[in-house]
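> Give me a 3D structure for the following:
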Amino acid sequence: MILLILAVPLLITLVAAWIGLFMSWKVAPALYLTASVGNVLLLLVAGPTVQTAVGSAVDTANSMIAGLILGLVYFSSLSSRFGGGRTDGTRAVAGELP
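From the prediction side, this is the model:
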């Protein structure tokens, strides 16, 4: 029951983040990151689980896609659509301050 109480707000945050990423809301990357961290914490609280090979493959693919989305919205040219990154079209050099 406690996991359900924790999972419902997390699911609402995730759906809001998906909509926000699609609509390019500035707060969407932070919402998606919050939902991703919340998912990891929820998995830690849930305890040990048993999965089939297919279920494990789907979970692995889900984690890879979530990491790809986070990488795109924080570290690619897409970050400028969400208010991050540089707006002058130049790339940052390692060690350079914005």
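> how close does residue 81 get to residue 23?
Look at residue 81 and residue 23: by Cβ to Cβ, to the nearest Å, they are 10 Å apart. All C-beta atoms are positioned from the backbone trio N, CA, C, and that covers glycine.
> my bad, should have said residue 15
Distance from residue 15 to residue 23, by Cβ to Cβ: 13 Å.
> Looking at those two, which one has more neighbours?
Legend: neighbour count by other Cβ atoms under 10 Å for residue 15 and residue 23, higher for residue 15 (12 against 8).
> got the buried residues for the host helix or strand of the more buried one?
Here residue 15, judged by DSSP states H and E, is contained in helix 2-23. The neighbour-count check on helix 2-23 (16 or more other Cβ atoms under 10 Å) flags 10, 13-14, 16-17, 20-21 as buried.
> Not counting its own residues, what contacts that helix?
Residues from elsewhere that reach helix 2-23, judged by Cβ atoms under 8 Å, 6 or more residues apart in numbering: 25, 27-29, 31-32, 34-35, 38-39, 42, 45-46, 69, 73.
> now stretch 39-53
3, 6-7, 10, 14, 59.
> Now do the helix or strand where residue 29 lies and helix 2-23, the angle between them.
Secondary structure assignment for residue 29, by DSSP H and E: helix 28-46. Helix 28-46 and helix 2-23 are oriented at 160 degrees to each other (axes from the mean of the first three to the mean of the last three Cα atoms, to 10 degrees).
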